[in-house]
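Visitor: Here is the input, now give the coordinates:
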Amino acid sequence: MRINVKHMQKRLVIIPTYNEIENIEKVLTNVFAQDVSFNVLVVDDSSPDGTAAKVRQLKNKYKDRLFLLERKEKDGLGRAYIAGFKWALEQNYDYIFEMDADYSHNPNDLIRLYNVCRKKGADMSIGSRYIGGVNVINWPMNRVLLSWLASKYVRLITRIPVFDTTAGFVCYHRKVLETINLDKIKFVGYAFQIEMKFKAHYLGFDVREIPIIFTDRTKGKSKMDKRIIWEAVFGVINLKFKSVFLKNKFN
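Guide: Below is the predicted model of the structure:
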């Protein structure tokens with residue numbers, strides 16, 4: 001059988017890392033075990049624990065499927081993803097995914113996210129913790145409440161129809177990332193996730209959510225801090241202001 005290479009869909013999962021030596025091999029193994037073929041780009045911010053070295057070792061096993069982008073310093077989740085997005089667009093990927101390295105996102109859900117875009121016509125699909133209830137495992141109640149209230153707050157201020165506005169498990173069709181001006185993305189922490197969803201909705205893309213079960217990391221250390229939380233709180237007000245009063249400069 002002849003395969004029309006021109007029309008094959010290329011899929012890339014971007015996984016940002018900083019000190020994820022305990023998790024990276026497991027998550028990569030499971031991504032590559034999926035029935036649908038995904039390539040992976042690990043964006044490592046010079047992890048002192050040897051994460052990048054482990055990825056380089058695994059590249060010998062997953063030739064032409066695993067790639068590594070090393071950055072000189074820890075410079076924020078948003079900037080790591082922006083670097084990955086630009087790499088993916090340059091390499092002509094059709095569908096680009098965001099995914100955490102700590103196994104809080106189940107690799108089995110990648111296919112579900114992909115099918116919402118590829119088969120059901122969405123431009124962007126989100127693995128949501130808060131659609132149809134609260135689906136979070138191993139978080140203390142105060143953190144669940146903080147995260148849930150943050151998403152409610154973002155919906156109230158921005159009026160975007162997304163229940164999990166800080167979700168980091170996402171599939172983009174490349175046209176979304178081509179249309180959003182990536183050089184004008186302002187936020188570097190978890191507010192980056194809000195900004196990307198807000199701009200995608202503002203620009204008229206079809207953004208949909210599917211329920212997932214989010215399981216907190218069992219290995220390694222969380223990168224959440226108070227600065228990131230305050231960036232998200234005040235960032236959404238700034239986003240809404242720009243969308244209302246500075247429409248011609250928004251993107």
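Visitor: What distance do you get for Asp64 to Lys152?
Guide: Computed as CB to CB, to the nearest Å, the Asp64 to Lys152 distance reads 44 Å. C-beta coordinates here come from the backbone N, C-alpha and C atoms, glycine included.
Visitor: same check, this time on Val176
Guide: In this view, Val176 and Lys152 are 25 Å apart by CB to CB.
Visitor: repeat for Tyr130
Guide: As judged by CB to CB, Tyr130 and Lys152 stand 9 Å apart.
Visitor: Out of the two, name the residue with the larger neighbour count.
Guide: Set side by side, Tyr130 and Lys152 show unequal neighbour counts under other CB atoms under 10 Å, the larger going to Tyr130 at 23 against 13.
Visitor: any idea of the pLDDT on the residue nearest to Gly84 when sequence neighbours are not counted?
Guide: What sits nearest to Gly84 in space, not counting adjacent residues and going by CB to CB, 6 or more residues apart in numbering, is Ile14, at 3.8 Å. Confidence at Ile14, expressed as pLDDT, is 98.
Visitor: now Lys6
Guide: With respect to pLDDT, Lys6 has a value of 46.
Visitor: same question, Trp148
Guide: pLDDT, Trp148: 75.
Visitor: ok, and for the helix or strand it falls within, which residues are buried?
Guide: For Trp148, the host element (DSSP states H and E) is helix 141-158. Buried positions in helix 141-158, judged by neighbour count with 16 or more other CB atoms under 10 Å: 144, 147-148, 150-151, 154-155, 157-158.
Visitor: Ok, stretch 50-58 next?
Guide: Along stretch 50-58, these residues count as buried under the neighbour rule (16+ other CB under 10 Å): 51-52, 54-55, 58.
Visitor: So the spatially most central residue of the chain versus Thr179, what's the distance?
Guide: Centrality entry for the chain: nearest residue to the mean C-alpha point is Glu98, 2.7 Å, by CA atoms, centre = their mean. In this structure, Glu98 lies at 17 Å from Thr179, with CB to CB as the measure.
Visitor: quick check, Leu69 in a helix?
Guide: No. Counting by DSSP: H, G, I helix; E, B strand; the rest coil, Leu69 falls outside a helix, being strand.
Visitor: in the sheet, who's paired with it?
Guide: With DSSP bridges applied, Leu69 shows beta-bridge pairing to Val43.
Visitor: Can you get me a residue count around it?
Guide: Leu69: 18 surrounding residues under other CB under 10 Å.
Visitor: correct me, but it touches Leu41?
Guide: Yes. Using CB atoms under 8 Å, Leu69 is in contact with Leu41, at 6.0 Å.
Visitor: Any figure for the gap between Lys197 and Asp35?
Guide: Relative to Asp35, Lys197 is positioned 28 Å away (CB to CB).
Visitor: Okay, now stretch 133-150: how far is its last residue from its first?
Guide: For stretch 133-150, the separation between the terminal residues is 15 Å (CA to CA, to the nearest Å).
Visitor: Lovely, talk soon.
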